[in-house]
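Q: Generate a structure from the sequence data that follows.
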Amino acid sequence: MRVLTLVEHEVAGPTDGSLRALTFARMLGCREPIAVLFGEPAPETMAVLGQYGVKDAFVVRGGGLDGYAPLGWARVLAGLAGLSPAEDGGAGAGGAGAGAAGTGPVGAVLAPGTDHGNEVLAHLGAVTALPMIANCFEVLPAGNGGAGEGGGSGLRLSRQRWGGSLIEEAVVEVAPALLTVATDAVAPVSVTPDGSAAVPTVHEHSPSLSPTDLGVRAEESREHAGGVSLASAKVVVSGGRGVGGPEGFLAVEQLAELLGGAVGVSRVVTSLGWRPHTEQVGQTGTRVTPDLYVACGISGAIQHLAGCQSARHMVAINTDPDAPIMSRADYAVIGDVNAVLPALVAALQARKASG
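A: Sure thing, here's the model as predicted:
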């Protein structure tokens, strides 16, 4: 199966969610997924893609796509996958011809299950009248019930629903399948752990889009983006109502910086206007998969836990020993976060100063 994969990238390289999507492409039986990138990728990005089996990468430049344009991105993916708009009787009728840029017919179009990935594939489904299945994490063996019971064939998948509290088995009986990959359930696995893979062949792609396709566009600059991305951070230090107010996040920021991590927050913090929504961790925010998650003054509502449950290790700091998050943590510190955090920051700063 040939698989076209949308790859989100930053200055440091492909995002963690994109690497999981490329791993899922191999789970579908695709040994060499085709990558699609919008904007100029860093050299590190292309090197990492090679380690995940990518041999061909389409880099989209120009055409008004300097920033994020969900419908425009969807139109580009449709063209690369050889899909015609539904109103033209193409993909909506089940057809999938040769790719406009030489990709050939594809069996699936993948994207990471991020805000961008889900939105772009939803637009792709709308313009092609193909179903879009979100937050997939497993490919089921053929003949495991479902489509096979009626003698038909189809791609059998498991996906997350309701923040991961419900697992659904889905069958896709049309091609190509439009899938996003759960960012917290598929571990990224390279094909060459030693980093010896060849750099993919880059194909320049400059699409021609209509003003309607670019009607919604967000100007973004990876070059000037500061800090560590919340979605791909290896360490996340999150604050909740228990920090007391906006000023309480100074210690949260200091700890995150000392640990080389990113700052996260609970939903109530954004609702109170203390911090921006872009930092929210949870079912309606960002799902994180760090090696270490430090929850500071967060009680642990189920919506928040849905966003951090895939952390390898969790430390919770709270005055309430019965808070839900304390039972989910590997290490629990019972105390006032406004006393614990400054002491922890001071200890780390002293250790750093001593070399």
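Q: Could you find the closest non-adjacent residue to residue 48?
A: Distance criterion CB to CB, 6 or more residues apart in numbering; nearest residue to residue 48, sequence neighbours excluded, is residue 13 at 4.9 Å. For every residue, glycine as well, the C-beta is placed using N, CA and C.
Q: Bridge partners for the one you found, pull those for me.
A: Following DSSP bridges, residue 13 is listed with bridge partners residue 10.
Q: contacting residues around it?
A: 42, 44-45, 47-48 (CB atoms under 8 Å, 6 or more residues apart in numbering).
Q: Repeat that for residue 184.
A: Contacts of residue 184 (CB under 8 Å, 6+ apart): 164, 287-289, 309-310.
Q: Spell out the residue ranges of the strands in the stretch 101-250 of the chain.
A: Counting by DSSP state E, counting those that start in this stretch, residue ranges of the strands within the stretch 101-250 of the chain are 108-112, 132-139, 155-161, 166-172, 177-181, 201-205, 235-239.
Q: got it, and the stretch 251-355 of the chain?
A: Using DSSP E, counting those that start in this stretch, the strands found in the stretch 251-355 of the chain span residues 262-265, 292-296, 313-318, 331-334.
Q: Could you provide the ones you listed in CSV, with additional columns for distance to residue 198, mean pLDDT and mean neighbour count?
A: Shown next, in CSV, are the strands of the stretch 251-355 of the chain (distance: least, CB to CB, whole Å; pLDDT from 0 to 100; neighbours: other CB atoms under 10 Å):
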stretch, distance to residue 198, mean pLDDT, mean neighbour count
strand 262-265, 32, 96, 27
strand 292-296, 34, 97, 27
strand 313-318, 35, 97, 22
strand 331-334, 43, 96, 15
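Q: Okay, now the unreliable bits of this structure?
A: Scanning the chain for pLDDT under 70 picks out 85-104, 141-153, 163-164, 219-227.
Q: Give me the domain ranges for it.
A: Split into domains by automatic domain parsing, the chain comes to 3-214, 235-353.
Q: Just the endpoints, please. Distance across the first one?
A: What it means is domain 3-214. 26 Å (CA to CA, to the nearest Å).
Q: now swap in stretch 260-272 and tell me
A: Stretch 260-272 has its terminal residues 27 Å apart, counting by CA to CA.
Q: chain center to that stretch: distance?
A: On the basis of CA atoms, centre = their mean, to the nearest Å, stretch 260-272 sits 18 Å off its chain's mean C-alpha point.
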